[in-house]
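>>> sequence first, then the predicted structure:
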Amino acid sequence: MNKVLAFIMALLPLMAAAQFFTITPNGWKNAQDTSLDYVVIPMEGTQAELFKKAKTAVTATYKSAKDVMSFNEPDIINISGYTDCISEKHMGMLFVFGMRYTMQILFKDGKVRFNAPDAYNAEYVNGAKASYYSLTPGSTGMFGNTLYMFDKKGNLKKKDQKKQVEDYFNGLVAQIVEMMKNGGTVSDDW
């Protein structure tokens, strides 16, 4: 959890101006045009140059990039990761939910496309019992072990957790974009 908070805090300046994706009752959408489930970012460079910069940025972002990244050069990079990006307090106890996700980055001359994250459920495991956190609409029954971000009608129930998830993924995209603009690294000043 501390790594997630440190990651988000380091990216606050980037995230303040960068709202790429939002989670809706109908899934992840482009924050500016909810009819789309991807974001296209204009960027100088050929397809091959942009692919190389993104590959370097993704490699620098993850501890073990070979475990989370696959690609088809120079067209696409797939990221399959895991994050503890949802936390919620219940009865004075903090529960942190872990989430598996995938994202795709596609390249053309002069532009980069980030497909919306494929991330819909998070899990908290305590011994043999698991609890789940769903980003899709639903209703927890009397003895349910699933929390829902949206109710059955699609009304937002968990505003803070929605922000946590969006901040993580928008921060991830912002970091990759910023690193690509800097040639694939955060800073050469070391």
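Perfect, thanks for sending it.
>>> where along the protein do the helices fall?
2-10, 12-17, 47-61, 65-68, 159-181 (DSSP state H).
>>> any weak-confidence spans in this structure?
Low-confidence segments of the chain (pLDDT under 70): 1-17, 127-129, 141-144, 184-190.
>>> what residues does Phe51 make contact with?
Phe51 is in contact with Phe71, Glu73, Pro74, Asp75, Ile77, Phe107, counting by Cβ atoms under 8 Å, 6 or more residues apart in numbering. From N, CA and C alone the C-beta is placed, and that goes for glycine too.
>>> please name the nearest non-neighbouring residue to the most centrally placed residue in the chain.
Nearest residue to the geometric centre of the chain (Cα atoms, centre = their mean): Phe169, 2.4 Å. Of all residues not flanking Phe169 in the chain, Pro117 sits nearest, at 4.9 Å (Cβ to Cβ, 6 or more residues apart in numbering).
>>> list the contacts for that neighbour?
Contacts of Pro117 (Cβ under 8 Å, 6+ apart): Phe21, Trp28, Tyr101, Thr102, Met103, Phe169.
>>> tell me the spacing between it and Tyr168.
9 Å (Cβ to Cβ, to the nearest Å).
>>> what about Tyr62, how many neighbours?
If you count neighbours by other Cβ atoms under 10 Å, Tyr62 ends up with 14.
>>> residues near the closest residue to it other than its chain neighbours, how many?
Here the nearest residue to Tyr62 in space, its sequence neighbours aside, is Val68; by Cβ to Cβ, 6+ apart that works out to 5.1 Å. Val68 is flanked by 19 other residues according to other Cβ under 10 Å.
>>> picking that back up, most widely separated two among the contacts of Pro117?
Comparing all pairs in these by Cβ to Cβ, the longest separation belongs to Phe21 and Thr102, at 13.6 Å.
>>> hmm, back to that, and the residue nearest to Tyr62, what does it touch?
Residues in contact with Val68, defined by Cβ under 8 Å, 6+ apart, are Val58, Tyr62, Ile79, Ser80, Gly81.
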